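[1] here is the input, now give the coordinates:
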Amino acid sequence: MANQSPEPLVQSHSDESKELRLPLRFDRQVIGLILFLAVIIIGMSFASEHFLSYNNLLNVLQQSAFVMILAFGMTFVLSTGGIDLSVGSIVGISGGMTAWLLYNDVNIVLAIIGGMIVGTAIGIINGLVITKLGISPFIATLAMMIMARGVLYVWTRAIPFREYMKSNFDFLGQGRILGIQFPVILAAVLLLILLFVFRRMKFGRHVLALGSSEEAVRISGIKVDRLRIKVYALSGLIAAIAGILLASRLTTVHPEMGKNYELEAIAAAIIGGTSLTGGKGSLVGTALGAIILFMIKNAMNLLNVHPYWETIVVGVIILVAVSINNWGGISKPRLFTRKSLKEVKQELT
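    This next block holds a predicted model:
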């Protein structure tokens, strides 16, 4: 008994470094999603002659891009063991701020920055409420979701906001580069950037470590509260980006813009293999999860299935995805050794 080595707290730093050498490490979850996507494509190619058309596939990517971007931020939050229910309202209020600034003849760059500041500020407030007041992420972000939506209703007086499309703002949501919609291109660029942050930077490793064991992170010398605030700020910023794109796409900001987007973002992340208990996240999986969600919606639309059935199907897919994660042990957090904790502490000082 005395000769037994202590059980590791987290995966060793050297092992994690090996994983980080691969820019895209496709685990079993991602491979499974790709196969599931292939099954949908093959099946629908026989069921509908329009499914595999170039325009239809681009349409699926266009529709999924907004939720995909939103889900990237949600992946970071879920990886810490938290949740952010306010992102849908942030989409609405950030898009509304940019539209309002444009309506008042503010420079397009400043208007976009203004919308991003609003989203980031709400994310920081979420982080402060969670860390300083000790309120659970679910309650804190649920309250923010309701308050931000209420502000949007009061601000717009429940009337859609129009006449702000100027200064080529429409390109963000409707423009194309080489025939591909700009939101799709931006989603791909954000995926690459966030993949680098998630896998190659200390911030990404700390996010996963926080979801695995908060105590271990504290022992390592990482300021947990500051890290959590940064994660929620990032989620707010990404939600603001999605909101600005959506305001450009819709050419109208209405009080319910972005409503229930938080649920679709959570669904995409969970389907992609991110664990609700923290310590496990996959941005590539999240992207595939968003595409799968909207490809299924598109398929049901082509098959003339009533839209009400979409919610049932999505719910079933989420249950299956979570069950597969649990059965495969995918949701179990990875652990660090005590030695690696000292190494992380040395890196931070």
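[2] closest to the centroid, which residue in this protein?
    Of all residues in the chain, the one closest to the mean position by C-alpha atoms, centre = their mean is residue 71, 1.9 Å from it.
[3] who does the helix or strand encompassing that one touch, helix- and strand-wise?
    When elements are assigned from DSSP states H and E, residue 71 belongs to helix 54-79. Other helices and strands packing on helix 54-79, by 3 or more C-beta pairs under 8 Å, 6 or more residues apart in numbering; DSSP states H and E, are helix 87-103, strand 180-181, helix 182-200, helix 202-212, helix 224-250, helix 261-271, helix 283-302. Any C-beta I mention is one placed from the backbone N, CA and C, and that applies to glycine too.
[4] I'd like the average pLDDT over the fifth one.
    Think helix 224-250. Here helix 224-250 scores 93 as its mean pLDDT.
[5] stretch 92-103 too?
    91.
[6] the residue nearest to the centre of the chain reaches residue 270, doesn't it?
    No - Residue 71 lies out of contact with residue 270 (C-beta atoms under 8 Å); the separation is 9.5 Å.
[7] quick check: neighbours shared by the two?
    Residues within reach of residue 71 and of residue 270 at once, by C-beta atoms under 8 Å, 6 or more residues apart in numbering, are residue 289.
[8] okay, the helices and strands packed on helix 54-79 in a markdown table with distance to residue 114 and mean neighbour count next?
    As requested, the helices and strands packed on helix 54-79 are exported to a markdown table (distance: least, C-beta to C-beta, whole Å; neighbours: other C-beta atoms under 10 Å):
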| stretch | distance to residue 114 | mean neighbour count |
| --- | --- | --- |
| helix 87-103 | 5 | 28 |
| strand 180-181 | 24 | 18 |
| helix 182-200 | 19 | 17 |
| helix 202-212 | 26 | 23 |
| helix 224-250 | 10 | 24 |
| helix 261-271 | 21 | 26 |
| helix 283-302 | 27 | 23 |
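[9] same list (these) but as CSV, adding distance to residue 310.
    Putting the helices and strands packed on helix 54-79 into CSV (distance: least, C-beta to C-beta, whole Å) gives the following:
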stretch, distance to residue 310
helix 87-103, 17
strand 180-181, 22
helix 182-200, 21
helix 202-212, 30
helix 224-250, 19
helix 261-271, 11
helix 283-302, 5
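[10] residue 130 is nearest to which of the ones you listed?
    Judged by C-beta to C-beta, the one of those that comes nearest to residue 130 is helix 224-250, at 6.4 Å.
[11] any low-confidence regions in the protein?
    Within the chain, the stretches with pLDDT under 70 are 1-27, 167, 324-349.
[12] next one: the residue nearest to the centre of the chain from residue 245, what distance?
    14 Å (C-beta to C-beta, to the nearest Å).
[13] repeat for residue 134
    Distance of residue 134 to residue 245, given as C-beta to C-beta: 35 Å.
[14] one more: residue 105?
    Counting by C-beta to C-beta, the gap from residue 105 to residue 245 is 21 Å.
[15] give the contact list for residue 288.
    With C-beta under 8 Å, 6+ apart, residue 288 has these contacts: 30, 33-34, 37, 271-272.
[16] let's see that with 7 Å instead.
    By C-beta atoms under 7 Å, 6 or more residues apart in numbering, the residues touching residue 288 are 30, 33-34, 37, 272.
[17] check residue 286 too.
    71-72, 75, 268-269, 272, 274.
[18] now, which of these sits nearest residue 253?
    Using C-beta to C-beta, the contacts of residue 286 come closest to residue 253 at residue 71, 21.6 Å.
[19] so that closest one touches residue 271, yeah?
    No - with contacts counted by C-beta atoms under 7 Å, residue 71 stays clear of residue 271, the gap being 9.4 Å.
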